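K.L.:
Turn this into a structure:
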Amino acid sequence: MDIEVVDMLLPINFRYLGMCVLQRFYVPTSRQLKRLESIHRSPIYSHFSETIQGAASVRAFNKVRFL
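P.N.:
The predicted structure is shown next:
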């Protein structure tokens, strides 16, 4: 029984502890990276949205040169 604990259960506990520590650092970092990515992409989405909204005005005045 003692050998089984040392050979099998102890390494499993160390792996579990290691995964908990990694998750503790990974989750906040991942959350911050997603936030930074959304801030970075926001101007692109805004520009695309304004372009689509302005396309109707360009078509209304029949200015093919801008499309």
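K.L.:
make it CA atoms for all contacts and neighbour counts henceforth
P.N.:
Noted.
K.L.:
Can you identify each of the helices in this protein by residue range?
P.N.:
Ranges of helices within the chain are 2-4, 10-60, based on DSSP state H.
K.L.:
Of those, which stretch is the most buried?
P.N.:
Of all those, helix 10-60 has the most neighbours on average by mean count of other Cα atoms under 10 Å, namely a mean of 11.
K.L.:
before we move on, back to that, among the helices of the chain, which one carries the weakest average confidence?
P.N.:
Set side by side, those differ in mean pLDDT, and helix 2-4 is lowest with a mean of 77.
K.L.:
just checking, what packs against it?
P.N.:
For helix 2-4, not one helix or strand is in contact under the criterion 3 or more Cα pairs under 8 Å, 6 or more residues apart in numbering; DSSP states H and E.
K.L.:
Just the CA coordinates for stretch 30-37, please, in PDB.
P.N.:
Only the C-alpha atoms of stretch 30-37 are listed here, as PDB (Å, rounded to 0.1, in the frame of the first residue of the first chain):
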ATOM      1  CA  SER A  30      -5.800  35.300 -20.800                       C
ATOM      2  CA  ARG A  31      -8.600  37.700 -19.700                       C
ATOM      3  CA  GLN A  32      -6.300  40.700 -20.100                       C
ATOM      4  CA  LEU A  33      -5.100  39.500 -23.500                       C
ATOM      5  CA  LYS A  34      -8.700  39.200 -24.700                       C
ATOM      6  CA  ARG A  35      -9.400  42.700 -23.400                       C
ATOM      7  CA  LEU A  36      -6.400  44.200 -25.100                       C
ATOM      8  CA  GLU A  37      -7.300  42.400 -28.400                       C
END
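K.L.:
gap between it and the chain center?
P.N.:
Remark: stretch 30-37 is offset 6 Å from the chain centroid, using Cα atoms, centre = their mean, to the nearest Å.
K.L.:
what do you get for stretch 44-64?
P.N.:
The chain centre lies 29 Å from the centre of stretch 44-64; the measure is Cα atoms, centre = their mean.
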